[in-house]
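Student: Here's a sequence, model it:
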Amino acid sequence: MNADQLFSLVGWTNTDPVLMDAVRANGGSLETLSAKKVQELTTDFVRLVEQGVELSFVSQEYYSINYGDPRGAGPFVMSGAAYYPNGSSKVSAYQGAAPFSKEPVRTRDEAIEAFGPPEKTDEEDGQVYWDIWNKEGLMIKADYRDDLSVKAVAVYMARKS
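Tutor: Below you'll find the predicted structure:
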């Protein structure tokens, strides 16, 4: 599975062979997940450094309470995938198309072109911090830098009502 498709595994647990193989194929390992970090911080991450992607994991209990039943029985559930088209201090620049898009999304204008008008925007004094969209039961959040270049495009399971 290519990095651009990893977001489709949100909701799968760390013992699922499809998720394990996809992470391994993209240069990562689920063996790095820490029960201690998840307990203390709620979330732990698997960074696919060369791919420019960061996967977030929460405990199965937390996921069940906030999002519904996970797909699998492992102790950690993939709760999101963040793509860094301009890189970060922890990962290289993601080179592929953004989730739910056929093109890369590197600026706010490109995000709006790819995803449509945002359903929610955090803006203060003319500075836009992030936009949110909902697509196919998943939440897409684009976080921006001051110049409106994209810090990250993250895909998460939408919280249950």
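Student: just the strands in this structure please.
Tutor: Ranges of strands in the chain, per DSSP state E, are 44-48, 53-59, 76-83, 120-124, 127-135, 138-144, 150-157.
Student: and these, which is most packed in?
Tutor: Ranked by mean neighbour count, those are led by strand 76-83 with a mean of 26 (mean count of other Cβ atoms under 10 Å). Where you see a C-beta, it was placed from the backbone N, CA and C, and this is true even at glycine.
Student: Okay, angle between it and strand 138-144 too, please.
Tutor: 40 degrees (axes from the mean of the first three to the mean of the last three Cα atoms, to 10 degrees).
Student: Kindly export strand 76-83 (C-alpha atoms) in PDB.
Tutor: The C-alpha trace of strand 76-83 is given here as PDB (Å, rounded to 0.1, in the frame of the first residue of the first chain):
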ATOM      1  CA  PHE A  76      -3.700   0.200  19.800                       C
ATOM      2  CA  VAL A  77      -6.000   1.700  17.100                       C
ATOM      3  CA  MET A  78      -4.800   3.900  14.300                       C
ATOM      4  CA  SER A  79      -6.800   7.100  14.900                       C
ATOM      5  CA  GLY A  80      -5.300   9.300  12.200                       C
ATOM      6  CA  ALA A  81      -2.800   9.900   9.400                       C
ATOM      7  CA  ALA A  82      -1.000  13.300   9.000                       C
ATOM      8  CA  TYR A  83       0.700  14.200   5.700                       C
END
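Student: what's the angle between that strand and strand 44-48?
Tutor: Going by the same axes, to 10 degrees, strand 76-83 makes 50 degrees with strand 44-48.
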